[in-house]
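Enquirer: the following comprises the amino acid sequence and a computationally predicted model.
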Amino acid sequence: MDITLTLACNNDCVFCPRKEFLGMVSCHSFAAAKRNIGQIRKTSSHIVLSGGEPTISLEILKIIRVCRKLNFEHIEMITNGRALADISFADRLVALG
């Protein structure tokens, strides 16, 4: 199951399947994401965090912690990888599993 955390993006990929949505304002709150993740867990042990670009969500680490707490077997993220250039951020993601 896929959850769109934000429609914002920090890149301009020519192949982006969601390019038509990038101009929209996205207001996904942490509470809404947590609620939606809980609903997904009722039917799936697999979650995909996507966007726009999910790593620009200020809540991404908290969201991954929620996924871990709910015992998702697989947590994936569709990302352009730009934020992973920040080694401390990348290390925090790795530490979360």
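Expert: Perfect, thanks for sending it.
Enquirer: separation between the residue of the chain most remote from its centre and residue 64?
Expert: The C-alpha centroid of the chain is most remote from residue 14, which lies 20.5 Å away (C-alpha atoms, centre = their mean). As defined by C-beta to C-beta, to the nearest Å, residue 14 lies at a distance of 29 Å from residue 64. No exception for glycine: its C-beta is placed from N, CA and C like everyone else's.
Enquirer: go on, residue 56?
Expert: Distance, residue 56 to residue 64, by C-beta to C-beta: 14 Å.
Enquirer: so for those two, which residue has more residues nearby?
Expert: Neighbours around residue 56 and residue 64, counted as other C-beta atoms under 10 Å, are more numerous at residue 64. The numbers are 21 against 18.
Enquirer: hang on, residue 13 in a strand?
Expert: No - assessed with DSSP: H, G, I helix; E, B strand; the rest coil, residue 13 is coil; it does not lie in a strand.
Enquirer: and the closest residue to it other than its chain neighbours, which of the three is it?
Expert: Among residues not flanking residue 13 along the chain, residue 80 sits closest, at 6.5 Å (C-beta to C-beta, 6 or more residues apart in numbering). What three-state DSSP gives for residue 80 is coil.
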